[in-house]
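# generate coordinates for the sequence data below:
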Amino acid sequence: RWMPLDAKDLLNNLNDDEKMQRQQLVDRSFEPVPVSVNWASVPEGEQIKALALTRTDGTGLRCRRVVLWLDGYDIELCPVQAILPVVTAALANNNIRYGAGSLKVVSRAMSDTSRLPQKYADALSLVDAVFVPAKGSLDALVNSGVPASIVGTLPMTVKHDVFSQSVRKSRRTESVSQPAIKWLDAHSSSRFRFLCSVAGVAQQHFSRKALDVLIKAFVEEFDSGAAALVLHSAQAGSATTIRTWAQTKHPLLTIQTFSSYDDLPEVLPLVDLHRPLLLLVETPLSQDQMASLYAWSDAYAMPSRGE
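The predicted structure is shown next:
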């Protein structure tokens with residue numbers, strides 16, 4: 001039976017109703033019943049199962065507190081009570097010691113809607129703290145049953161030395177030396193350039209990010225070829241999904257795909273300057289590369305249905 005969370009510590013500062021609700025969740029979740037997890041369906045599941053920590057000094061470490069940070073979206077696929085045995089075993093194998101109740105589970109979450117699915121809310125209720133980026137998400141979690149005492153706001157941050165107007169001019173000049181940007185610049189120098197970047201377009205994300213709305217509005221407004229739209233996604237297959245949809249719905253679009261940011265084919269098709277240009281960039285980008293793409297663009301477009 002795994003009881004890595006100190007129930008008494010969890011119940012501090014809760015009112016009677018919250019205590020009862022939280023205790024029921026703890027009791028139900030840590031019953032001595034194996035948790036069945038399809039690790040193949042969990043992002044990097046095999047790596048998690050084989051989790052190993054490395055230390056260079058070869059000595060044991062005594063910690064006052066160990067914090068396990070889990071992404072909120074992954075908790076539903078991989079419940080806390082399934083991953084904690086993996087983590088605690090890895091800590092023990094590395095002779096990392098900590099006191100009872102000092103292993104804390106922290107999560108980051110957000111919500112596009114006013115409530116969460118009950119399964120997701122229950123999963124988040126099992127951690128010691130949940131950080132959300134804004135009050136709207138905080139209200140959604142609490143309204144869905146996550147104890148208010150464990151939810152707090154932690155706004156998203158920006159690296160101002162990388163993403164700022166003060167470095168935009170120099171970065172925009174430097175960016176043209178990169179192969180993809182060089183080609184983009186050569187074929188769209190006379191166009192107003194829009195950028196939209198999404199994590200992926202699989203399943204519901206294409207509709208959720210409203211890429212259909214964005215492409216439709218772009219084609220209708222700039223049918224003369226006065227602008228270019230760059231869609232970036234790091235997810236494999238996203239360019240094919242967007243291209244298939246766009247070619248069916250908007251056959252007048254000129255579409256060019258980049259599967260690499262640094263290497264381009266020697267021969268690229270000529271671009272019709274009198275047709276709207278859609279550029280699909282399907283590759284992970286570093287922060288510096290992303291900043292260069294931002295600097296090269298004239299405007300950012302994000303018409304999400306939920307964000």
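
# break down the stretch 101-250 of the chain into its helices, ranges please.
118-124, 135-143, 168-175, 179-188, 205-208, 211-221, 238-249 (DSSP state H, counting those that start in this stretch).

# adding mean pLDDT, mean neighbour count and distance to residue 51, write those out as a markdown table.
(Glycine included, C-beta is placed from N, CA and C.) Converted to a markdown table, those look like this (pLDDT from 0 to 100; neighbours: other Cβ atoms under 10 Å; distance: least, Cβ to Cβ, whole Å):
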| stretch | mean pLDDT | mean neighbour count | distance to residue 51 |
| --- | --- | --- | --- |
| helix 118-124 | 90 | 19 | 20 |
| helix 135-143 | 94 | 17 | 28 |
| helix 168-175 | 69 | 15 | 38 |
| helix 179-188 | 69 | 18 | 36 |
| helix 205-208 | 80 | 16 | 28 |
| helix 211-221 | 91 | 17 | 36 |
| helix 238-249 | 87 | 17 | 29 |
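
# pipe the ones you listed into JSON lines and attach distance to residue 95 per row.
What follows is these, written out as JSON lines (distance: least, Cβ to Cβ, whole Å):
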{"stretch": "helix 118-124", "distance to residue 95": "31"}
{"stretch": "helix 135-143", "distance to residue 95": "37"}
{"stretch": "helix 168-175", "distance to residue 95": "46"}
{"stretch": "helix 179-188", "distance to residue 95": "47"}
{"stretch": "helix 205-208", "distance to residue 95": "42"}
{"stretch": "helix 211-221", "distance to residue 95": "50"}
{"stretch": "helix 238-249", "distance to residue 95": "43"}
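
# who wins for proximity to residue 93 among those?
Checking those against residue 93 by Cβ to Cβ gives helix 118-124 as the closest, at 26.5 Å.

# quick one: low-confidence parts of this structure?
The chain contains residues with pLDDT under 70 at 1-35, 54-59, 171-180, 184, 187-189, 203-204, 260-273, 307.

# so how far is residue 146 from residue 118?
With the distance defined as Cβ to Cβ, to the nearest Å, residue 118 ends up 11 Å from residue 146.

# residue 103 too?
Distance, residue 103 to residue 146, using Cβ to Cβ: 20 Å.

# more neighbours: these two, which one.
Regarding residue 103 and residue 146, a neighbour count based on other Cβ atoms under 10 Å identifies residue 146 as having more, with 26 against 20.

# just checking, the more buried one touches residue 123?
No - with contact taken as Cβ atoms under 8 Å, residue 146 and residue 123 are classed as non-touching, separated by 9.5 Å.

# out of the helices of the stretch 101-250 of the chain, which is closest to residue 37?
Across these (criterion: Cβ to Cβ), the nearest stretch is helix 118-124, sitting at 12.5 Å.

# show me what that closest one is packed up against.
Packed against helix 118-124 by the contact rule (3 or more Cβ pairs under 8 Å, 6 or more residues apart in numbering; DSSP states H and E) you find helix 72-77.

# what residues does the helix it packs on touch?
41-43, 107-110, 119-120, 123-124, 127, 130 (Cβ atoms under 8 Å, 6 or more residues apart in numbering).

# grab the most central residue of the chain for me.
residue 199 (6.4 Å; Cα atoms, centre = their mean).

# my read: it touches residue 232, true?
No - no contact is recorded between residue 199 and residue 232 when judged using Cβ under 8 Å, the distance being 10.0 Å.

# so the most far-flung residue of the chain relative to its centre: helix, strand or coil?
With distances taken from the mean C-alpha point of the chain and given as Cα atoms, centre = their mean, the most distant residue is residue 274, at 36.3 Å. With DSSP: H, G, I helix; E, B strand; the rest coil as the basis, the three-state label of residue 274 is coil.

# tell me the spacing between it and residue 220.
With Cβ to Cβ as the criterion, residue 274 and residue 220 are 16 Å apart.

# do residue 305 as well
Counting by Cβ to Cβ, the gap between residue 305 and residue 220 amounts to 19 Å.

# now do residue 228
As for residue 228, its distance to residue 220 is 15 Å (criterion: Cβ to Cβ).

# do residue 227 as well
As for residue 227, its distance to residue 220 is 12 Å (criterion: Cβ to Cβ).

# show me the strands in the stretch 201-307 of the chain, by range?
Remark: strands of the stretch 201-307 of the chain, listed N- to C-terminal, are 227-233, 254-258, 277-282, 299-300; assignment by DSSP state E, counting those that start in this stretch.

# mind putting those strands in JSON lines, distance to residue 36 and mean neighbour count included?
Converted to JSON lines, these look like this (distance: least, Cβ to Cβ, whole Å; neighbours: other Cβ atoms under 10 Å):
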{"stretch": "strand 227-233", "distance to residue 36": "32", "mean neighbour count": "24"}
{"stretch": "strand 254-258", "distance to residue 36": "40", "mean neighbour count": "18"}
{"stretch": "strand 277-282", "distance to residue 36": "35", "mean neighbour count": "23"}
{"stretch": "strand 299-300", "distance to residue 36": "43", "mean neighbour count": "10"}
